[in-house]
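[1] have a look at this prediction, sequence included:
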Amino acid sequence: MTVRLSTRGERDLRRLDPQVRRRIVAGLQALDSAAANLDIKPIKGSPPWFRLRVGEHRVLYRTIQNGFLVERIVSRQDLEKGVRTLE
């Protein structure tokens, strides 16, 4: 499995504080390794999208062939706005 970031996902990651960025990258590595203790939920009303909670941030992603595609990385407060931007 591999985790790929869309252009928006890369931009969101670059804009984060370095300490938060490290936590997000660690969460993405855990997702890639299929760790059992992740807080993952489907996004209601927006299949096939899922959200991964990493502290105060949410990683919005979907499964693709051989991995995951991260579309957005948003703060908890901006989750609804981020979900509306999903394709």
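    Received it, and whenever you're ready, just let me know what you need. Numbers count the residues shown, from 1 in each chain.
[2] which residue lies nearest the spatial centre of the chain?
    Within the chain, one residue has its C-alpha closest to the average C-alpha position: by Cα atoms, centre = their mean, that is residue 59, at 2.0 Å.
[3] not counting residues beside it along the chain, what's closest to it?
    Closest residue to residue 59 apart from its sequence neighbours, by Cβ to Cβ, 6 or more residues apart in numbering: residue 52 at 4.2 Å. C-beta coordinates here come from the backbone N, C-alpha and C atoms, glycine included.
[4] for residue 44, see how far away the residue nearest to the centre of the chain is.
    Distance check for residue 59 against residue 44: by Cβ to Cβ, to the nearest Å, it reads 17 Å.
[5] can you check residue 87 too?
    When distances are taken as Cβ to Cβ, residue 87 and residue 44 turn out to be 17 Å apart.
[6] residue 50 and residue 61 touch, don't they?
    Yes: between residue 50 and residue 61 there is a contact at 5.8 Å, judged by Cβ atoms under 8 Å.
[7] so between the two, which is more surrounded?
    Comparing residue 50 with residue 61 by other Cβ atoms under 10 Å, the one with more neighbours is residue 61, at 28 against 18.
[8] in a helix, the more buried one, correct?
    No: with DSSP: H, G, I helix; E, B strand; the rest coil as the criterion, residue 61 is strand rather than part of a helix.
[9] contacts only, for it.
    Neighbouring residues of residue 61 by Cβ atoms under 8 Å, 6 or more residues apart in numbering: 3, 31, 49-52, 68-71.
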